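Q: 3D, please:
(chains A and B)
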Amino acid sequence: MFDYDPNTKLEERDHAKTGIWTLRGPMLALSNPDPALAFPPGTTLHPRLFIRNTTSKPANAALRFYWRTASTTGAAAGPLLHLNPYEIGLVDVAALQGTGAIPKEANWTSVTLTTNGLPGEVLAVAASYDDTLRYGAQTPFSDQLSFRWEGGKWQYDPYHDSIITGGNGGTIFYNQGTQRYDLEQTLQPDEQMWIDVGKLIREHVPDKNGKTLPADLTSGSYEFRDLTNIGVGSLFEGKIIYDKTYGHVAYGCGTCCGYYQPKFFYDPLLVPVGSTAGNGVTALNQCTQKYDDVSADFYGNWSSANTAIVTVDYYGTHSAVSVGSTTSSTSGWLTHYGHTLCPDWNPRPSGGDNVNPPDHLKILSDSLQAISSCPATVRRLIRYQEVSVNNAPVGTVQSKEQFGSKSANTCNNGNLGTSETCSADAGGLFTDTLFVGCNSVGGSCGVTFTKQQWLWCPPNGAAVVIATPGDLIIHNNEVSVGGNTAGFATGTCIYASGTVSNPCI
Amino acid sequence: MKRVRSLPLVVLALTALTMIADPSGLPTQNTSTSTTFGIVQGRVIDEHGDPLPNAKVYAEPVEASGSTGKMRFAITKQDGSFSLDEVVTGMNIICASKEEALFPDTGAAAFALNLNALPRVRVQEGRVTPDVTVQLTKGGKLTGSISDSSNGQPVAASRIRLSRIDDPKLFVSTGPDEVGHFEFVVPSKPFTFQVTAAGYRSYEYPGPLLVETASTKEITVHLQRNGPGGDRQDVTPHP
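A: Predicted structure coming up:
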């Protein structure tokens, strides 16, 4: 599977970030066929590689084999090829088995080809057939790596079997995708997971959750996921379905998953004055159509357009320096969404950052209600939001209240609790709860607290008055805030001066 | 003796847990010169006995004074457990809600299915009151909008009053949001529903308003201005 584009840059197809263009052929059948293929006894295959230089300049290619027998695996270096312009080089892999570079008893190998050229300039295909050309198959090469592959159909019945190979987290789906069978394996670089579906079914091999595949299962689908890396993954995959009657082996291709629409968690990000706030990156996963957190792929590249307002660290933690608005951005490598290819790309999402001090309070709701502890008593709940001078939310800040004076409680049930020490308001939101408690004397009773004020507590320095609701007259049957007993309309703003305005100024 | 010696350590540890559970992520504190506090721990469950995570829990004093200041509450963990610190000593009822899952706020008397069934606990200074179970019963959602019948503009300065028909002194009064929308999570009990606004004729929903369990009822109110031609109210209830 190749897609030659003369404008392609190496870094867009160099998924492993090695600086070298690399092709992989995942499942080449070696001279000694895997007994699972059920070829006639004595069948010998002749595995060969055909490597073509498509350019008018010389090219070099290096080969490496990752072989497996029934019980062991290993790696071996192959020959270095010097290809003249447009030359097709032939590598006799069977001969390498003859020299012992690859064990004679090995059944399979994956092949890695690296070149000094650009993507698509050197192509490869492998073929492995017996003398009659009846038994065997071709092996496709691909440069694709991804964090996730979605494979097609596998088959297992008296006439067919399937072998799947791929990365470290494989899942087999069956019963129209409603059931799953999960395998998990930690792989070293270039190591492969090897799944003989027929063997899993025949031998009732449990998955990582102890689940086995039904004995009468004949087909399904599969996927591979990189459990440790998303954004740009490091998985390749391959699959064969072989026909035990005719010896035909067919390769299947999975679809690699990519990302699009990367964006920040918060845009704009509200950074309270003198404080910090974190931001990150999400991107839409083509296969799941859900946003994944890909922040880790964007670490180390954050920057602020104006460091006098906001600075950003390696992980995207923003620190407010001074009041104002600016933007920040970062970059990272992701596997890109594509129909036939999943090239890497280097998006640079950006978003706004607002650093504002709270200036006044905005009322989000104002409710009166009979309380459950004593239904004859009224409680007033005023939901406030701390907002900037231009009525924008400011994020989490600390605040407290203060009073001019506080009367005794004529309901005879003690002093009212207050919030006269600084405490944090998550998201710049808090609810002022106003009630006197249950009436133990009869009639109307309560307290009068004069000149309620709300103050912002900055990280450093003295608290600043941001709102003066006014006198509180909190009785068991009525609660007055600055003379208002019916309740403020949503959207009303209260300022430090005591001004109450709807709409906000 | 052993229990007395170990108690301060227990209290300190539980206080720390509650601070972590506070949604702000930072410790909060209400102060009062002569108020004393204890701790209440327990679990919030639904009507089937299953734990309710992410429910909001708070205490309402029965004997002690009330407050002016920020509402204190705890959020239940995955197993429905909670730990409420700084609960004023004396008798309290423990209230809870999870409105996003249609469990009404039992601290509002009008929204408590049965006031007598709410858990009452006596809190002692510096002591932990354990094993309090708060059972919530799913209600329904009452939602809608309020607008001026003459121009369709929202009447944000209106007030909505919901009162229980079985006990009219149990009420909730609040305003819609800035675009005239409102939303309540209510128990499946009959209510009266009234809307008032300065300059408009008041509106009252005809007959008992009942929201069935786990359902949503929508009401669109078109308020008529006072004065000539303002003698008619329109309402479009959506069952």
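
Q: from the stretch 351-500 of chain A, which residue is nearest to chain B?
A: A:S419 (3.2 Å; C-beta to the nearest C-beta). Every residue, glycine included, has its C-beta placed from N, CA and C.

Q: which residue sits closest to that residue, ignoring its sequence neighbours?
A: Nearest non-adjacent residue to A:S419, counting by C-beta to C-beta, 6 or more residues apart in numbering or on different chains: B:G69, 3.2 Å away.

Q: so who does the one you found touch?
A: A:E401, A:G417, A:T418, A:S419, A:E420, A:D432, A:T433, B:N30 (C-beta atoms under 8 Å, 6 or more residues apart in numbering or on different chains).

Q: what pLDDT does it get?
A: pLDDT recorded at B:G69 is 88.

Q: again with A:K239
A: Reported pLDDT for A:K239: 66.

Q: in the chain, where is pLDDT below threshold?
A: Reading this off chain A. A:1-4, A:15-16, A:144, A:146-155, A:159-161, A:165-177, A:185-193, A:224, A:227-254, A:338-341 (pLDDT under 70).

Q: other chain: chain B
A: Checking chain B against pLDDT under 70 turns up B:1-34, B:228-239.

Q: show me where it has helices.
A: Secondary structure of chain B, counting by DSSP state H: helices at B:2-21.

Q: so how far is A:G470 from the residue in it positioned nearest to chain A?
A: The nearest approach of chain B to chain A comes at B:G69, 3.2 Å away (C-beta to the nearest C-beta). Distance, B:G69 to A:G470, using C-beta to C-beta, to the nearest Å: 16 Å.

Q: count the residues that sit near the residue of the stretch 351-500 of chain A closest to chain B.
A: Using other C-beta atoms under 10 Å in any protein chain shown, A:S419 has 24 neighbouring residues.

Q: what separates it from A:L434, distance-wise?
A: 11 Å.

Q: and for those two, which residues touch both?
A: B:T68.

Q: which bits of the stretch 401-505 of chain A sit near chain B?
A: Within the stretch 401-505 of chain A, the positions near chain B by C-beta under 8 Å from any C-beta of the partner chain are A:401, A:409, A:411, A:413-421, A:423-426, A:430-438, A:449, A:452, A:472, A:474, A:486-491, A:502.

Q: can you name the residues bridging to the residue of chain B closest to chain A?
A: A:T433 (DSSP bridges).

Q: check the secondary structure at A:P272 for me.
A: At A:P272 the chain is in coil, as set by DSSP: H, G, I helix; E, B strand; the rest coil.

Q: before we move on, what about A:I466?
A: Classified using three-state DSSP, A:I466 is strand.

Q: how about A:Y129: what's its closest non-neighbour residue?
A: That would be A:G136: by C-beta to C-beta, 6+ apart, it lies 3.4 Å from A:Y129.

Q: any idea which residue sits dead centre in chain B?
A: Chain B has B:D105 as the residue nearest its centroid, 2.9 Å off, counting by C-alpha atoms, centre = their mean.

Q: what's near enough to touch A:K362?
A: A:Y384, A:Q385, A:V387, A:N391, A:G491, A:T492, A:C493, A:C504.

Q: now with 6 Å, please.
A: A:Q385, A:V387, A:C493 (C-beta atoms under 6 Å, 6 or more residues apart in numbering or on different chains).

Q: quick one: the closest residue to the first one other than its chain neighbours from B:V121, how far?
A: With C-beta to C-beta, 6+ apart as the measure, A:K362 is the residue that lies nearest to A:Q385, at 4.7 Å, once sequence neighbours are left out. Distance, A:K362 to B:V121, using C-beta to C-beta: 36 Å.

Q: A:G98 looks like it's in a helix, true?
A: Yes - using three-state DSSP, the assignment for A:G98 is a helix.

Q: what's the local residue count around the nearest residue to it once chain neighbours are set aside?
A: Distances taken as C-beta to C-beta, 6+ apart place A:K104 nearest to A:G98, at 7.5 Å, with adjacent residues excluded. The number of residues packed around A:K104, counting by other C-beta under 10 Å, is 13.

Q: and the helix or strand A:S325 falls within, what does it pack against?
A: Assessed by DSSP states H and E, A:S325 sits inside strand A:324-329. The contact analysis (3 or more C-beta pairs under 6 Å, 6 or more residues apart in numbering or on different chains; DSSP states H and E) places strand A:324-329 against strand A:350-355.

Q: send me the strand it packs on as PDB with only the CA atoms.
A: C-alpha atoms of strand A:350-355 as PDB (Å, rounded to 0.1, in the frame of the first residue of the first chain):
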ATOM      1  CA  SER A 350      -4.200  28.100  19.900                       C
ATOM      2  CA  GLY A 351      -6.700  29.800  22.200                       C
ATOM      3  CA  GLY A 352      -7.400  32.800  24.300                       C
ATOM      4  CA  ASP A 353      -6.200  33.500  27.900                       C
ATOM      5  CA  ASN A 354      -8.000  36.000  30.100                       C
ATOM      6  CA  VAL A 355      -6.500  37.400  33.300                       C
END
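
Q: that one: how far from the chain's middle?
A: Relative to its chain's centre, strand A:350-355 lies at 22 Å (C-alpha atoms, centre = their mean, to the nearest Å).

Q: can you give me the buried ones in it?
A: Going by neighbour count (16 or more other C-beta atoms under 10 Å in any protein chain shown), the buried part of strand A:350-355 is A:G351, A:D353, A:N354, A:V355.

Q: kindly report the same for stretch B:100-112.
A: B:L102, B:F103, B:P104, B:D105, B:T106, B:G107, B:A108, B:A109, B:A110, B:F111, B:A112.

Q: please compute how far stretch A:386-399 lies from its chain's middle.
A: So, by C-alpha atoms, centre = their mean, the centroid of stretch A:386-399 is 31 Å from its chain's centroid.

Q: swap in stretch A:333-351?
A: That offset, for stretch A:333-351, works out to 13 Å (C-alpha atoms, centre = their mean).

Q: cool, stretch B:156-168 as well?
A: 15 Å.

Q: between the two ends of that stretch, what distance do you get?
A: 25 Å (C-alpha to C-alpha, to the nearest Å).

Q: dump stretch A:112-125 to PDB, keeping only the CA atoms.
A: Extracted in PDB, the C-alpha atoms of stretch A:112-125 (Å, rounded to 0.1, in the frame of the first residue of the first chain):
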ATOM      1  CA  THR A 112      11.700  -4.000   8.000                       C
ATOM      2  CA  LEU A 113      13.200  -2.000   5.100                       C
ATOM      3  CA  THR A 114      14.800   1.300   5.600                       C
ATOM      4  CA  THR A 115      16.100   3.600   2.900                       C
ATOM      5  CA  ASN A 116      17.900   6.900   2.500                       C
ATOM      6  CA  GLY A 117      15.200   8.200   0.100                       C
ATOM      7  CA  LEU A 118      12.000  10.000   0.500                       C
ATOM      8  CA  PRO A 119       8.600   8.400   1.100                       C
ATOM      9  CA  GLY A 120       7.500   6.300  -1.900                       C
ATOM     10  CA  GLU A 121      10.800   6.400  -3.700                       C
ATOM     11  CA  VAL A 122      11.700   2.800  -2.800                       C
ATOM     12  CA  LEU A 123       8.900   0.200  -2.900                       C
ATOM     13  CA  ALA A 124       8.900  -3.400  -1.900                       C
ATOM     14  CA  VAL A 125       6.700  -6.500  -2.200                       C
END
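
Q: any idea how far it is from the chain center?
A: 31 Å.

Q: over to stretch A:445-456?
A: For stretch A:445-456 - counting by C-alpha atoms, centre = their mean - the centre lies 48 Å from the chain centre.

Q: thank you kindly, that will do.
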